[in-house]
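What follows is a predicted structure for the sequence shown.
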Amino acid sequence: TAKAAPAALNPADWLLLPTPREMTLTGAVRDFGSTPWTYPQEYSLGAQYFAEEITQVPETIHALSAATAELARLGAGSRPSPLHTRIDPAAMPHPEGYVLTIAPEGAAGITIVAHDEAGVFYAAQTLKQLAQLATRNKVIPACRIVDWPDFPNRGVMIDVARNKVPEIDSLYELVDLLASWKVNQLQMYTEHTFAYTNHHVVWEDASPMTPAQIRDLDAYCKARFIQLVPNQNSFGHMWRWLMHPEYAHLAETDDKTDLCPVDPGSIALIGDMYNDLLPCFSSPYANVGCDETWTLGKGRSKAACEAQGEGRVYLGFLMQIRELVKSHGKTMQFWADIINNHPELIPELPKDVVAMEWGYEANHPFDTHCKRFKDSGVRFYVVPGTSTWNSLLGRHENAMANLRNAAENGMANGGEGYLVTDWGDGGHWQFLPVSYLTYAYGVSMAWCVETNKDINIEQAADLYAFRDDAGVMSAVARDLGNAYKQAGAEFGNNTTFYLFLQHAIEKPLKDIGLAKVTAADLQGTIDYIDAALARLDGAKMNHEDGEFIKEQFRMNAAMAKLACRIGIARIEAGGVATSKVPKDVRAKLAAELEPLIPKYRQLWLVENRSGGLKESSGIFENVLALLKQP
């Protein structure tokens, strides 16, 4: 019986995350019937997981087929439609690439031709997104998708050193989300939050990751084609170790932020740490940090730096660390900021290390820095960020430009990886969903720059991050993420909110770049935040965490508004310190802050361990104490 031709399909209705390299909609539709899809069992590695992933999708499509009269009219359920899967590097020459074909009604069904098993997995993720859209659009498209990644290594880094260590179930949920977006690396930035055998004093109050938990997480990641990469700072940012008497003798200066590179005990400590840490990870990489060594040459290594040069002393210690990493059969990654301060040394870097070229402002010089590494034949990643730390609500406009800048210049100069970083400086006050939009944009750019640089990221994040059927949540998150621009001053790696709540709570406004901020600016920011929040109830997130996500945004927004009110009070009192604001005004601010602290703790503990919470919420308690001063 002849069937009516379907209307032409609108590509905007079939937005995928990441947007594929090539997607052709034929204008036809089809139904897949009730026959389960199968995956060839001869592919041993991951075969069970593929079968689990792929057979979940037809259940969605079959339910849709049975529920819609249109598909029934087209012959819903009338014939089986098997899934044909083939690994064929000749047909798809790009690693992790795939060709996914959904044939029109009456044809061969669904075909996946992939370069490797990762390509099959990524095709399955695309198929799941198509099934989700089919449910929404009430039609199943015939189409052909040809896809492969730009960057071989596409990662996200979360900060587990600055107070917030996620519960293991939260980590698994994050892995699932990232895997669905074709991410293939996850790093957890660590200073002291791993349970080292010989160093209990460092981590005993931090709720650390244990070796068993890391191994389990590593296996969970591996089944989803994600490498869990160890990330342990090993030179700078060592205060969590050096603050203890047992390790203080290894510090460069009394500030106790950096290890002394000329003390043999420093490399011995790092070696002992790696003996515990690195065997827990199956990844061939290890990120050793070594960034921001602010006191290098200012203390015990001063004579060596004067004799050899500060850069050469740094490089010498880095090469000792490299030997430790190599002894565990891994390739060293390291943050590239210090070596960029000594560009003449870049050609001396060995070809078996990977420089992590990081920068978090929209105008970071990825172009010139990446070219340095390219010209020297040094392997490198580009490392932008979410701009959500030190912000409460994000610095959305800055982040989007930063993420794009990194991707375009990384590609232009042959970068082998792209790592989106999500730091936790200043108490890690931002909740994870504040970063969803920038995660989504960054990992999409890592997959294919050309097809994702202008992606409708709000629509995509509503579909695949927030799962908001109303299409509201991402726009609210975007607008809240731009609240920092309303406050009368902008700062690199910081916001007015953090200055008034933490970094400059007692400093004169003229000394911290806030002299031109007006009370009207801050009241306008409060009004702007309220206008965005007024739309939040319209979000209809179709998963069990939907209301929880709203509460997290409300909490971060409440903190930002409190910061603005503190700022207004200080300005109206003549630019005084917080403790010098008139007592009656401080009392009102204290009454606003006090109920937020237990609510903050409650929201934190839903997904994160208790270690670090006391320190994080303690910053608010310090503010409260100032507000309550006689």
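Nice, thanks for sending it over. Numbering: from 1, shown residues only.

Ranking helices and strands of the protein by mean pLDDT, which lands last?
Lowest by mean pLDDT, DSSP states H and E among the helices and strands of the chain is helix 69-73, with a mean of 30.

Can I get stretch 482-501 in PDB, CA atoms only?
C-alpha atoms of stretch 482-501 as PDB (Å, rounded to 0.1, in the frame of the first residue of the first chain):
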ATOM      1  CA  ASN A 482      26.800  36.800  32.600                       C
ATOM      2  CA  ALA A 483      25.700  38.500  35.900                       C
ATOM      3  CA  TYR A 484      29.400  39.300  36.500                       C
ATOM      4  CA  LYS A 485      29.300  41.700  33.600                       C
ATOM      5  CA  GLN A 486      26.600  43.800  35.300                       C
ATOM      6  CA  ALA A 487      28.500  44.600  38.400                       C
ATOM      7  CA  GLY A 488      30.500  47.600  37.200                       C
ATOM      8  CA  ALA A 489      33.900  46.000  37.000                       C
ATOM      9  CA  GLU A 490      35.400  42.900  35.400                       C
ATOM     10  CA  PHE A 491      38.400  40.900  36.700                       C
ATOM     11  CA  GLY A 492      40.600  38.200  35.300                       C
ATOM     12  CA  ASN A 493      40.000  34.900  37.100                       C
ATOM     13  CA  ASN A 494      37.700  36.600  39.600                       C
ATOM     14  CA  THR A 495      34.400  38.400  40.000                       C
ATOM     15  CA  THR A 496      33.000  41.300  42.100                       C
ATOM     16  CA  PHE A 497      31.000  38.700  44.000                       C
ATOM     17  CA  TYR A 498      34.100  36.900  45.300                       C
ATOM     18  CA  LEU A 499      35.800  40.200  46.100                       C
ATOM     19  CA  PHE A 500      33.000  41.400  48.300                       C
ATOM     20  CA  LEU A 501      32.500  38.000  50.000                       C
END
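
And it, what's buried?
Across stretch 482-501, burial judged by 16 or more other Cβ atoms under 10 Å covers 482-489, 491, 493-501. Any C-beta I mention is one placed from the backbone N, CA and C, and that applies to glycine too.

Quick one: mean pLDDT over that stretch.
Averaging pLDDT along stretch 482-501 gives 95.

what comes into contact with that stretch?
For stretch 482-501, the external contacting residues (Cβ atoms under 8 Å, 6 or more residues apart in numbering) are 360-361, 389-397, 425-426, 503, 512-514, 516-518, 521-522, 524-525, 528-529, 532, 559-560, 562-564, 566-567, 570, 619-620, 623.

What subset of those residues is buried?
For the contacts of stretch 482-501, a neighbour count by 16+ other Cβ under 10 Å gives the buried set as 360-361, 389-397, 425-426, 512, 514, 517, 521-522, 525, 528-529, 532, 559-560, 562-564, 566-567, 570, 619-620, 623.

counting contacts, what elements does the strand or helix carrying Phe317 pack onto?
Phe317 belongs to helix 310-327 when assigned by DSSP states H and E. Secondary-structure packing of helix 310-327 (3 or more Cβ pairs under 8 Å, 6 or more residues apart in numbering; DSSP states H and E): helix 264-277, helix 302-308, strand 331-335, helix 337-340.

Nearest to Cys143, out of the ones you listed?
For Cys143, the closest of the helices and strands packed on helix 310-327 is strand 331-335, at 38.0 Å, according to Cβ to Cβ.

what pairs with the closest one, and is each one parallel or antiparallel?
On the basis of DSSP bridges, the sheet neighbours of strand 331-335 come out as strand 285-287 (parallel), strand 353-358 (parallel).

buried ones in whichever helix or strand comes after the last one?
Reading on from strand 353-358 to the C-terminus, the next helix or strand found by DSSP H and E is helix 366-376. For helix 366-376, burial by neighbour count (16+ other Cβ under 10 Å) applies to Phe366, His369, Cys370, Arg372, Phe373, Ser376.

likewise stretch 315-330?
For stretch 315-330, using 16+ other Cβ under 10 Å, the buried residues are Leu315, Phe317, Leu318, Ile321, Arg322, Leu324, Val325, Lys330.

got it, and stretch 136-147?
In stretch 136-147, counting by 16+ other Cβ under 10 Å, buried: Asn137, Val139, Ile140, Pro141, Ala142, Cys143, Arg144, Ile145, Val146, Asp147.

Wait, the last one touches Gln129, no?
No - with contacts counted by Cβ atoms under 8 Å, Asp147 stays clear of Gln129, the gap being 12.0 Å.

can you give me the strands in this structure?
Per DSSP state E, the chain carries strands over the ranges 22-29, 83-87, 98-102, 110-114, 141-147, 153-159, 185-190, 227-232, 285-287, 331-335, 353-358, 379-383, 417-422.

follow-up on the earlier one: of all the buried residues of stretch 315-330, which comes closest to Val262?
Of all the buried residues of stretch 315-330, Phe317 has the smallest distance to Val262: 8.2 Å, by Cβ to Cβ.

Identify the residues contacting that closest one.
Counting by Cβ under 8 Å, 6+ apart, Phe317 touches Phe235, Pro261, Ser266, Ile267, Cys290.

how many neighbours does Glu470 have?
Glu isn't right for residue 470; it's Ala. Other residues within reach of Ala470, judged by other Cβ atoms under 10 Å, total 14.
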